[in-house]
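Can you look at this prediction? I've put the sequence above it.
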Amino acid sequence: MNRVQDEFRLFQSLMKSITAIFGANCEVVLHDLTDGYESTVVLIENGHVTNRQVGDCGSNLGLEVLRGTVSDGDKYGYFTNTPDGRVLRSSSVYIRNDENKVIGCLCVNFDISNLMVADKTIRSLISNGEENKEEEFFVNDVNQLLDALLKKAQDEVGKPVAYMSREEKVRVVEYLDRKGAFLITRSGSRICSFLDISKFTLYSYLDEIHKENKTAQ
């Protein structure tokens with residue numbers, strides 16, 4: 001192949017197949033670089049993306065290749081901006097003749113501006129930022145709910161019940177009280193069994209916690 005026009009139909013079909021997949025925001029351009037750089041665009045699909053048409057010139061990247069500043073000008077998935085501020089993701093592949101001389105370039109420019117806006121919106125909806133994070137237990141009955149609260153309370157202290165000091169058991173009771181565990185019917189007995197304490201001890205812990213909380217207020 002000595003000129004891109006030698007495979008015009010092939011390039012035309014290829015370009016149409018790309019835009020058929022990616023839609024109206026995807027521009028595909030075929031440049032002929034054999035007759036100067038003032039008018040290189042010989043085929044274009046969805047030219048509205050960069051506001052170009054057949055007969056227009058190429059970009060600065062093509063100049064670098066023709067000048068010899070860049071020996072391998074092929075670039076894949078790079079980002080650039082249009083004059084009006086839209087963001088494009090692009091790929092440029094240079095076409096060479098039988099003597100390995102650059103004779104053309106096939107470029108794909110996909111306008112991802114709308115996708116970036118959508119991405120930002122989606123991220124704001126699914127963000128799990130710590131400032132909005134709440135731990136919620138989804139269970140089938142209150143016994144499972146109490147089990148989950150007991151496990152979480154133990155995790156808060158960071159050690160098995162058998163190794164907990166009195167102060168650490170008070171912390172467990174305070175956590176359970178703050179989370180509303182004592183509103184569950186017969187939860188007191190379960191909590192006493194879990195902490196290996198008597199009901200009298202449990203109530204003394206609660207009295208201590210409530211007095212401290214009242215003083216703090």
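Arrived safely.

Give me the contacts around the helix of greatest length in the chain.
In the chain, with assignment by DSSP state H, the single longest helix is helix 199-216. Helix 199-216 is contacted by residues 169, 170, 173, 174, 177, 182, 188, 189, 191, 192, 195, 197 when judged by C-beta atoms under 8 Å, 6 or more residues apart in numbering. In this view, the C-beta of every residue, glycine as well, is placed from N, C-alpha and C.

what's near enough to touch the spatially closest residue to residue 90 that is not a sequence neighbour?
Once flanking residues are discounted, residue 90 sits nearest to residue 109: 4.7 Å by C-beta to C-beta, 6 or more residues apart in numbering. Residues in contact with residue 109 (C-beta under 8 Å, 6+ apart) are 26, 27, 28, 29, 49, 50, 80, 88, 89, 90.

how much space is there between the second one and residue 42?
Translated: residue 27. 14 Å (C-beta to C-beta, to the nearest Å).

So between these two, which is more surrounded?
Neighbour totals were compared for residue 27 and residue 42, and residue 27 leads with 25 against 19 (other C-beta atoms under 10 Å).

Where does pLDDT dip in this protein?
Scanning the chain for pLDDT under 70 picks out 70, 127-136, 217.

For it, which segments count as strands?
Along the chain, the segments classed as strands by DSSP state E run 26-32, 41-45, 75-81, 87-96, 102-111.

Out of those strands, which is the most enclosed?
Mean neighbour count (mean count of other C-beta atoms under 10 Å) peaks for strand 26-32 among those, with a mean of 24.
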